[in-house]
Each structure stands twice: as structure tokens, then as C-alpha cells.
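just the structure for this:
(2 chains)
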2 protein chains.
Amino acid sequence: MVRANIKITLKAGVLDPQGKAIEHALKSLGFKGVNEVRQGKYIEVELAESDESLAREQVDRICRELLANAVIEKYAYEIVG
Amino acid sequence: MVRANIKITLKAGVLDPQGKAIEHALKSLGFKGVNEVRQGKYIEVELAESDESLAREQVDRICRELLANAVIEKYAYEIVG
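As a prediction, this is how the structure comes out:
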């Protein structure tokens, strides 16, 4: 059994209104040193598979088929223990 | 300038309907080996601060004051660059 920790983020250049909202909120709270904020999704998937390369194959398919919208999002993940 | 990569996840025991929905969707798509899915948020914050320990202090305050709801969520982050 392994766990995949998946980050899904907007591609560079895609407008991120949620990130902008957080950025403005932080500035109004007095955090002056904040330059840019980008918001994404974080998803943990526990897989019965124990072979790492098969798990990677499965996670790639999961990301492409369900979790990430390839037009505007990219994904990255790590497989842990 | 450093970037903080922040993961915000639900504490263990807190119900996660979004994660459950993803889990069911994956099962209907034929991914049989999926055991559990938990959904969280992923936020990248670029800080003007270049000293790592001061940046950590700032990110802790940002998480506690704005990003994470300490009652049901926990956060973790890494400082890069």
C-alpha cells in the first residue's frame, strides 16, 4: 500500500482569482512582504498497489482522467511509503 | 525572496465529503485499487523575506491567521528558493 500526495496547480499565465483574493487579504492583514499567491488543490490518494512504478502509472492516469484539467492545470506528485 | 509551498489538510477524523466524492468517481472510472482519498488545499506564497527563519515565522502566522481553520485543519509547508 502506498500513498500519492498530489498537487494540482494552474499553469503559468492562467489567471488565479482565488490566489489574488488571498494575496489582497494578506496585505490588508498587514503582511507587507507578500509578493504573489497562487492557489491549487492537494489530494492524497491511498492505493492498494505496492509496486512504485505501477503506482506511478496509476496516479498519472488518475490525474489525467479525473483530477487535473490539462488545458489550464498541471500536476505533480510524490509516492510515499 | 523565498517561496512557501503550503499544504492545508483536514485533521484526522474530520469528515471529508469532497475526498469521498473523488474516491467514488475513481471507483466508477474503474480504478479498483483506490482505498481512501482526502482533499486539501495547496497554496504557494512568494515572500520578499530572504531569511529562512523569519520567513517560517511569517508563514506560520499567515497559516494561523488566514489560511487554515485550526479547529478542523492542519497545515504543513516547505520553504524553497
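
tell me if residue A:19 really is in a helix.
Yes. Under DSSP: H, G, I helix; E, B strand; the rest coil, residue A:19 sits within a helix.

please identify the buried residues of the helix or strand in which residue A:57 is found?
Assessed by DSSP states H and E, residue A:57 sits inside helix A:52-62. By neighbour count on 16 or more other C-beta atoms under 10 Å in any protein chain shown, the buried set for helix A:52-62 is A:55-56, A:58-59, A:62. (Glycine included, C-beta is placed from N, CA and C.)

quick one, what contacts residue A:45?
Counting by C-beta atoms under 8 Å, 6 or more residues apart in numbering or on different chains, residue A:45 makes contact with A:3-4, A:6, A:59, A:62, B:22, B:26, B:34, B:36-37.

kindly report the same for residue A:75.
Contacts for residue A:75 (C-beta under 8 Å, 6+ apart) come out as A:6-9, A:63, A:67-68.

what of residue A:26?
Residue A:26 neighbours (C-beta under 8 Å, 6+ apart): A:34, A:37, B:45, B:62, B:66.

let's go with 6 Å and repeat that
Residues in contact with residue A:26 (C-beta atoms under 6 Å, 6 or more residues apart in numbering or on different chains) are residue A:34.

understood, closing this out.
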